[in-house]
Each structure stands twice: as structure tokens, then as C-alpha cells.
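1. here are the coordinates; sequence isn't available:
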């Protein structure tokens, strides 16, 4: 059995104070270092240290719609010419999925009008005819929450479009690997395109003479990241499925060694939690003396979250947290300990067996 020998709390803040630290990238919200040169974490023989995260808190000063979930790729044919455009939803928060639907629909017509050089004054420019879900729709109201929107030309003329394809891609490219391995399919309720294929469609698109419909397969959602994952530089015994730390296509999800120490829930305004020393978020460390530990915050694919420029050094993106360091004995097993044997204050049975001895025949 293990016996608690000592415990102490460590209070950390990543808020900048005065001049920015010379540590640079190791002194911010996404990446920070715990320097313990004057008070290292120590264990001796037959002891093990446990570093736990008992409290974490930060204001969510980053956007729910960001570079990892705002891209959709559009291709179509018109007048015998092929066109391609990258649709990017505005990086920001949206009050409901109806507002995201409105943004997506507007970006579709903007991309087509720009490709065909149709200005706002063009009578035959493309427009949103009917929007579903409505811009005022919020999750939980009556309805499916699936994108199903009709488009036409302002003057009612023939659309003249063929081969319309909208792709929510989740595979890496050489030009922008992180962004192209995206989560827009989850945000917009489309089908995920996991391998490069120009003919694959993430939405159902019906082309008619004077209009066309775009429909999703699944309910939309306001965000695509439920947790931030805190990773630690020390070797741990924790395990994870490999897709949590990978933004590359995987055939399966093997269980691998993990550097994840904790998963931190993202809420609308605050990200964080408050637990006690029985927290499930800990790592057990064998090093006899630890004077430096590096921590990183990643998303569900091992990517650094998309922050607003300079928000860590000059802005209000910082966190407050509490770690607990506890040292335990490895137990009182006599076969594991070196002489002299210690009992770690474990009570021993001091009573010997009383044996009755009787003389006479038959015994």
C-alpha cells in the first residue's frame, strides 16, 4: 500500500506582469513553464510523486468559430468554365446556429458572385431565397437544426450552374495542413471529406432551372471544441487514443502513451473547473528532483488553439490554476524495501499463536 508522506499546493498564473518575460513562447496561455529552481519537487528512494491539477480558470477570450472549422471549398461550372473558391466564415462567436447558417449562406452567394464578377448592382446576381434554419434559430428550439437553404438569381433568370460541389475537408495539404484538417463538417452538419477527391460532396445539392438547394446531413452546432487538453513535458503512464493528438488521417485509433495531464471543459464565458485533491487529473513522476516542467494547451487534434493576435502578451488571454504535489511511499512490502525494513507506521500483529500441548495416549 502507498502512504501519503507530504503534500503542498502550487499556485500559478500566466497573466503578464510588467515587461513580457524573456522566456518568450514559454510564458503564455498556450505554452507555459513551471520553473522550480529555488524549490524543486523532490522524492527519495521508495517514494513516488504525484502532480495533480485541482483548479483551472480562464476567460474564453478566443472564438468558437476559428481557422480550424470555418473553411468550406466550393467548385462549380458556369458557361463552360470551371470555378473554385474557398469559403471562410467570419472568425467570431455566433449567438445561435441560425446565425451560422445565415453566414454560411451569405458566403456561398458571395463566392459565386465574386467568381462570376457579379457586383451588388447586377440584376442577375445570386442571392439567398429561403434560409433554414432561420437566422433567429437556436439549439433546442423546435426543428432539426439542419442546413437546408435555397438560392436563386435576383431577377429570377436561369442559374446556369452545373457540377456544384461544397467540401468540408479533413485531410492535410502541403499549403495549409492545420487549417485543411478542419472541423467545418461538424459545425455545419455536412459530411466529412477525409481523402482528396474532387467529386465528393459534403452536402446534398439539387440544381433546378431557376434555383438550387443545399442541404446538410446532420444538425449544426455552435462550436467544435469541447475541451482543452493540458499536456506535460514529463514522462507519464497515462494513455490516449491517437486521434486526440493527431491532425492527420488515421485508419484506426490505437491507444498510445500520453502526455495529457487534464482535459479542461470549454464553457461559454469561462473555461475551467474546481476539484479537490481527489481530482482524476494527475501524473505520477519518478524523477528524484524536478526543477522545470513545460505545459501546453492543445485542442482535440493536438493543435494550438486559434488565438487573437497578441492576446497572450498584450491582451487578456491568461489563466489561473492550482497544482498539488504529493509524495507517497511505495508501500510496506518487505520484499521491495532495503534493510533496515521500515513499516511506515503500519500496525503489526504483536500476538503469537497460542498452541495447546497435551500429553497422553492418542496425541
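-> Great, that's in hand. Since this is a predicted model, take the numbers as computed values, not measurements. Residues are numbered from 1 along each chain as shown.
2. check contacts around the residue nearest to residue 267 when sequence neighbours are not counted.
-> Spatial nearest neighbour of residue 267, excluding adjacent residues (CB to CB, 6 or more residues apart in numbering): residue 60 at 7.0 Å. Glycine gets a C-beta too; all of them are placed from N, C-alpha and C. Counting by CB atoms under 8 Å, 6 or more residues apart in numbering, residue 60 touches 266, 267, 268, 269, 270, 271.
3. SS state for residue 112?
-> helix (DSSP: H, G, I helix; E, B strand; the rest coil).
4. if I read this right, it contacts residue 84, doesn't it?
-> No: the pair residue 112 / residue 84 is not scored as a contact, 11.5 Å apart, by CB atoms under 8 Å.
5. Looking at these two, which is more packed in?
-> Between residue 112 and residue 84, counted using other CB atoms under 10 Å, the more crowded position is residue 112 (21 against 12).
6. and residue 119, what is it in contact with?
-> 113, 125.
7. hmm, who's touching the helix or strand bottoming out on mean pLDDT in the chain?
-> None of the helices or strands of the chain scores lower by mean pLDDT, DSSP states H and E than helix 177-180, at a mean of 78. By CB under 8 Å, 6+ apart, the surrounding residues in contact with helix 177-180 are 67, 68, 71, 169, 170, 171, 172, 173, 247, 303.
8. and what of stretch 137-144?
-> Contacts for stretch 137-144 (CB under 8 Å, 6+ apart): 95, 96, 97, 98, 101, 133, 145, 219, 221, 222.
9. 10 Å - rerun?
-> The contact list for stretch 137-144, computed with CB atoms under 10 Å, 6 or more residues apart in numbering, reads 95-102, 131-134, 145, 189, 216, 218-222.
10. and what of stretch 96-103?
-> Stretch 96-103 is contacted by residues 64-65, 70, 87, 89-90, 92-94, 128, 131-141, 143, 145-149, 187-189, 216, 219-223 when judged by CB under 10 Å, 6+ apart.
11. Return the distance of that stretch from the chain's centre.
-> Stretch 96-103 sits 22 Å away from the centroid of its parent chain (CA atoms, centre = their mean, to the nearest Å).
12. what mean pLDDT does that stretch have?
-> The average pLDDT within stretch 96-103 is 98.
13. Name the residues contacting each of residue 112 and residue 84.
-> Contact with both residue 112 and residue 84 is made by residues 74, 76, according to CB under 10 Å, 6+ apart.
14. So residue 212 lies in a helix, does it not?
-> No: per three-state DSSP, residue 212 lies outside any helix segment and is strand.
15. now the contacts of residue 60 as TSV including distance to residue 287, neighbour count and secondary structure?
-> Formatted as TSV, the contacts of residue 60 follow (distance: CB to CB, whole Å; neighbours: other CB atoms under 10 Å; DSSP: H, G, I helix; E, B strand; the rest coil):
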residue	distance to residue 287	neighbour count	secondary structure
266	32	18	strand
267	35	11	coil
268	39	10	coil
269	38	7	coil
270	33	13	strand
271	30	20	strand
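16. Turn those into CSV, columns for pLDDT and distance to residue 108.
-> What follows is those, written out as CSV (pLDDT from 0 to 100; distance: CB to CB, whole Å):
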residue, pLDDT, distance to residue 108
266, 96, 28
267, 94, 31
268, 93, 28
269, 95, 31
270, 95, 34
271, 96, 32
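17. From these, pick the one nearest residue 253.
-> Of all those, residue 253 sits closest to residue 266, with 22.0 Å by CB to CB.
18. follow-up on the earlier one: can you pick out the ones from the contacts of stretch 96-103 that are in strands?
-> Under the assignment DSSP state E, those contribute 87, 128, 148, 149 to strands.
19. per-domain residue ranges of this structure.
-> 4-61+225-329, 71-215 (automatic domain parsing).
20. Select from those domains the stretch with the lowest mean pLDDT.
-> domain 4-61+225-329 (a mean of 89).
21. now it, how far from the centre of its chain.
-> The answer for domain 4-61+225-329 is 14 Å, by CA atoms, centre = their mean.
22. Quick one: end-to-end distance for it.
-> End-to-end distance for domain 4-61+225-329: 7 Å, by CA to CA, to the nearest Å.
23. what does stretch 183-197 give?
-> Stretch 183-197: ends 17 Å apart by CA to CA.
24. And stretch 52-68, what's buried?
-> The neighbour-count check on stretch 52-68 (16 or more other CB atoms under 10 Å) flags 52-56, 58, 60-68 as buried.
25. So which of those residues are in strands?
-> 52, 53, 54, 55, 56, 58.
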